[in-house]
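Asker: Build me a model from this:
(one chain, ligands or ions: 1)
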Amino acid sequence: MTHNDLIMRPIAGREEIDLFRRLPYVLNGELADDLDSGHRRPEWMWMALRGDRLVARLAWWAPREDGPPFMLDVLDLDDAAREPERLDIGLRLLQTAMATVLPAGTHPPEYSRFVPSRWRDDGSARRVVEDRVAVLERAGARPLVERLRLEWCPGTPVPEPGGRLSFRPADDREELVELMTLVLAGTLDAHSRADLARMPAARVAAGQYDGELALYRSPRDWWRIAMTSGGRPAGFVVPAHNGHNPIIAYIGVLPAHRGNGYVDDLLAEGTRILARQGVPRIRASMDVGNVPMARAFQRAGYVDFQHEINMTWS
Ligand SMILES: CC(C)(COP(=O)(O)OP(=O)(O)OC[C@H]1O[C@@H](n2cnc3c(N)ncnc32)[C@H](O)[C@@H]1OP(=O)(O)O)[C@@H](O)C(=O)NCCC(=O)NCCS
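Answerer: Numbers count the residues shown, from 1 in each chain. All right, here's what the predicted structure looks like:
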């Protein structure tokens, strides 16, 4: 599609990945692998070109190889270009690509942007973030939440098991979905709260299991249920590998057992399971507002290395 001297089109195929990568972003190193593994498709990776100059780009990603676009996780502008053109081109590219790629009448996938932790304190980082937020807002999206991205590195000590909880693998999908349903009570997580406003907890938990946990290719016997000395489940931890990084995918303490610091035991157990595999790092993310969770990760030596901004269409 041509607007004046601007061409807007998806990449022709893997051979155009270097052209697509001409704008900087932290996901550039993963794009080729994602194309090879089917988590991205050339027709989901759009460019705005002026001659051979890349002036804006965007891409969707999917957790399932054969699934529909799930997240808009790349949206870049030519940050050296002048206003208002800088934002206008981004908006036109976004509107054109959305109209072409997303089936009419469907809910647009969520937007995700990794940002420096202290992006508000740095004028140029702040403008990069605010420009993208402005483009998304002009296309109808609204900020949902800012999330912390934390990292644990080998060598950081992991506390020995305290002995007050014992751990065993999860029996099956049914057991974990049942515990995940209970854990949703009083959750501080914005995505979960938004889902709970639309459907019952059991469906939210089943969606989290089937749409995320079940897709990890790492061994299921890493997943642990924590048992009290009385033989009752107190919570669970789901260590996994998401294809790019080892992660603590989910931790939950059942409402009846909250406030005892069990989260520390669960996190130590999950960290130990991954550390035993000799992993180079462990990552985790949570809402900035999920303070009990963030504090537990910080106590366990996880360090804030980046934030993520999520925006959604209502
Ligand atoms: C976040 C969570 C794992 C913390 O587990 P926990 O073992 O209760 O953690 P702590 O014992 O450290 O308590 C944390 C805080 O919870 C609050 N709390 C205490 N008792 C509580 C209770 N009965 N119910 C709810 N919250 C309670 C307190 O503010 C406490 O902080 P304090 O240090 O001031 O006492 C747990 O609340 C949970 O499962 N939440 C829902 C799931 C979730 O958000 N998972 C993370 C998604 S990434």
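Asker: And for the residue in the stretch 51-200 of the chain that the ligand sits nearest to, nearest residue in space, chain neighbours not counted?
Answerer: Nearest to the ligand in the stretch 51-200 of the chain, going by Cβ to the nearest ligand atom, is residue 187, at a distance of 4.2 Å. From N, CA and C alone the C-beta is placed, and that goes for glycine too. Residue nearest to residue 187 in three dimensions, not counting chain neighbours: residue 193, with 6.5 Å by Cβ to Cβ, 6 or more residues apart in numbering.
Asker: separation between the one you found and residue 180?
Answerer: Distance of residue 193 to residue 180, computed by Cβ to Cβ, to the nearest Å: 15 Å.
Asker: Give me the more crowded residue out of those two.
Answerer: Set residue 193 next to residue 180 and count neighbours by other Cβ atoms under 10 Å: residue 180 wins out with 23 against 15.
Asker: Can you give me the pLDDT of that one?
Answerer: If you check residue 180, the pLDDT there is 98.
Asker: Thought residue 254 was touching it, still the case?
Answerer: No. Between residue 180 and residue 254 there is no contact under Cβ atoms under 8 Å: 10.3 Å.
Asker: Domain boundaries for the chain, per the record?
Answerer: 2-140, 166-312 (automatic domain parsing).
Asker: out of those, which comes closest to residue 146?
Answerer: domain 166-312 (4.9 Å; Cβ to Cβ).
Asker: Next, count neighbours for residue 50.
Answerer: 15.
Asker: contacting residues for residue 120?
Answerer: residue 126 (Cβ atoms under 8 Å, 6 or more residues apart in numbering).
Asker: what's the burial count for residue 262?
Answerer: 22.
Asker: ok now do it, which residues does it touch?
Answerer: 165, 226, 234, 235, 253.
Asker: these two touch, right, residue 310 and residue 114?
Answerer: No. Counting by Cβ under 8 Å, residue 310 stays clear of residue 114, with 10.8 Å between them.
Asker: Can you report how many residues lie near the residue in the stretch 151-300 of the chain that the ligand sits nearest to?
Answerer: Using Cβ to the nearest ligand atom, the single residue of the stretch 151-300 of the chain nearest to the ligand is residue 259, 2.4 Å away. A total of 10 residues lie near residue 259 under the criterion other Cβ under 10 Å.
Asker: Also the one 4 residues further on?
Answerer: Applying other Cβ under 10 Å, we find 24 residues neighbouring residue 263.
Asker: Is it in a helix, a strand, or coil?
Answerer: helix (DSSP: H, G, I helix; E, B strand; the rest coil).
Asker: Where do the strands of this protein begin and end?
Answerer: For the chain, the strands defined by DSSP state E occupy 2-3, 6-10, 45-50, 53-61, 71-77, 110-115, 142-152, 166-169, 224-227, 233-241, 246-253, 282-287, 303-312.
Asker: near the ligand at all, the last one?
Answerer: No. Where contact is defined by Cβ under 6 Å from any ligand atom, no part of strand 303-312 touches the ligand; the two come within 12.4 Å at best.
Asker: Which strands or helices does that strand pack on?
Answerer: strand 110-115, helix 123-138, strand 142-152, helix 190-196 (3 or more Cβ pairs under 8 Å, 6 or more residues apart in numbering; DSSP states H and E).
Asker: hang on, the earlier thing: who's in contact with the residue of the stretch 151-300 of the chain closest to the ligand?
Answerer: Contacts of residue 259 by Cβ under 8 Å, 6+ apart: none found.
Asker: Also residue 305?
Answerer: 117, 149, 150, 151.
Asker: How about residue 245?
Answerer: Applying Cβ under 8 Å, 6+ apart, one finds that residue 245 lies in contact with 281, 282, 283.
Asker: next one: residue 234
Answerer: Counted by Cβ under 8 Å, 6+ apart, residue 234 has contacts 165, 226, 227, 228, 253, 254, 257, 262.
Asker: The second one contacts residue 232, doesn't it?
Answerer: By that I understand residue 226. No. Counting by Cβ under 8 Å, residue 226 does not reach residue 232; the two are 9.8 Å apart.
Asker: out of those two, which sits in the busier spot?
Answerer: residue 226 (26 against 11).
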